[in-house]
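1. Sequence and computational prediction follow.
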Amino acid sequence: MNVVSLTDCIKLEKVLVGSKAMNLSKIKSTIPSIPDGFVLTSDSFKKFLTHNNIRSKNNRHIQEEVLTAEYPRELELSISKFFNAIKTSPDVILAVRSSSAMEDLNNASFAGQYETILNVKNLDQLLDSIKRCWASYFSAHILDYAKTNNISLSDVQMGVFVQQMINADVSGVIFSSNPVTNNQNEILVNASYGLGEAIVDGSVTPDMYVINKENKHIVKELGDKEIQIIAKEEGNESVVVSTDLQKIFCLGDEEILELVDITMKIEHYFENPVDIEFAIKNNIIYILQSRPITTLKGENV
């Protein structure tokens, strides 16, 4: 199977669809506010390479070859079919991310190391974005990281996850076990305005909220929230946040407690602490990523 809906990922092996898509597929029935999407399996990546006679071993030009290669006709038709299914209105934009089976390794993690493309609006942009994501599998950074950690990349194990993108008013990350204090009875939330990439790449100082799981007491620390990343007509733009917005918390108590409730449900499902990426648009909370954390500060939890 080359392309599969997010809902159906749970029916396949993780090596085909990767950790990111598999984790969301597992909790989609429990957490309905997960944007729709589909995955190009690792088999589709292999077929693409074979169709274009692209060899992965000792090929210094492989990234350029991937970017200029043609899709097998059947695969392109499948992508087009799934694209039309989730492009439910002209306003729907897409995010294209890796979904690798190697993103949840205990001794190393490729999470966040492949290319992410946001604000994809049409089929041509999507086809180009998928190839950019595939090409990043062979980047010098990835190859060096794999060599350092004695990980073989010869058997391609990366899906590409295409998902409806939330043009967020506020975004953030949640840790269901406080990674700063290692306290499993505390939830830590970092949040700021705009798209979550500003938090993930460290370009913004977010607000921080620590919530006690038992009594729901909230401790808040105001962040500078200096900038926000917003989707424009073409691509994304980093803009300065107004002074008035910088001086107030970006989340209200009701939103924080709703995030706590969602986090507890996901943690209960995985039976492990989890980290979560979320977005809020028009007062609706969307869950974009979730994964179980099997270690904290190097210790089993």
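-> That came in fine, so what should we check first?

2. residue ranges with poor pLDDT in the stretch 1-150 of the chain?
-> Regions of the stretch 1-150 of the chain meeting the criterion pLDDT under 70 cover residues 102-113, 143-150.

3. hmm, 80 instead?
-> 1, 56-59, 101-113, 139-150 (pLDDT under 80).

4. What segments of it are helices?
-> Along the stretch 1-150 of the chain, counting by DSSP state H, counting those that start in this stretch, helices occupy 14-27, 42-51, 62-68, 73-86, 123-136, 140-148.

5. do the stretch 201-301 of the chain as well
-> 243-246, 253-270.

6. which of the ones you listed is buried the deepest?
-> helix 253-270 (a mean of 17; mean count of other C-beta atoms under 10 Å). Using the backbone N, CA and C atoms, a C-beta is placed for each residue, glycine as well.

7. Who are the packing partners of it?
-> helix 14-27, strand 186-193, strand 207-212, strand 274-281, strand 284-292 (3 or more C-beta pairs under 8 Å, 6 or more residues apart in numbering; DSSP states H and E).

8. Recalculate using a threshold of 6 Å.
-> Applying 3 or more C-beta pairs under 6 Å, 6 or more residues apart in numbering; DSSP states H and E, one finds that helix 253-270 makes contact with strand 284-292.

9. how far does stretch 133-140 stretch from start to finish?
-> 14 Å (C-alpha to C-alpha, to the nearest Å).

10. contacts for it?
-> 45, 62, 63, 66, 67, 96, 98, 114, 115, 158, 160 (C-beta atoms under 6 Å, 6 or more residues apart in numbering).

11. Tell me which two of these sit farthest apart.
-> 62 and 96 (19.4 Å; C-beta to C-beta).

12. Looking at those two, which has the bigger crowd around it?
-> residue 96 (25 against 19; other C-beta atoms under 10 Å).

13. Please look at the more buried one and residue 119 and confirm they touch.
-> No. Contact criterion C-beta atoms under 6 Å: residue 96 and residue 119 do not qualify, at 10.0 Å.

14. Go through the helices of the stretch 201-301 of the chain and name the closest to residue 80.
-> When the helices of the stretch 201-301 of the chain are compared by C-beta to C-beta, helix 253-270 sits nearest residue 80, at 32.8 Å.

15. Please compute how far that closest one lies from its chain's middle.
-> Computed by C-alpha atoms, centre = their mean, to the nearest Å, the chain-centroid distance of helix 253-270 equals 18 Å.

16. can you give me the angle it makes with helix 14-27?
-> For helix 253-270 against helix 14-27, the angle by axes from the mean of the first three to the mean of the last three C-alpha atoms, to 10 degrees is 130 degrees.

17. what does helix 253-270 contact?
-> 27, 30, 174, 176, 187, 209, 211, 218, 274, 285, 290, 292.

18. Any of the residues you listed buried? List them.
-> 27, 174, 176, 187, 209, 211, 218, 274, 285, 290, 292 (16 or more other C-beta atoms under 10 Å).

19. Let me see the contact set for residue 44.
-> Residue 44 sits in contact with 2, 75, where contact means C-beta under 6 Å, 6+ apart.

20. no wait, residue 67
-> Applying C-beta under 6 Å, 6+ apart, the residues near residue 67 are 131, 135.

21. just checking, residue 41 touches residue 16?
-> Yes. With contact defined as C-beta under 6 Å, residue 41 reaches residue 16; the gap is 4.3 Å.

22. Model confidence at the residue lying farthest from the centre of the chain, what's the number?
-> The outermost residue of the chain relative to its centre, with distances by C-alpha atoms, centre = their mean, is residue 215 at 30.7 Å. What the model reports for residue 215 is a pLDDT of 96.

23. I'd like the numbering to begin with 743 instead of 1 from here.
-> That works, and once the first residue is 743, the last one we named lands at residue 957.
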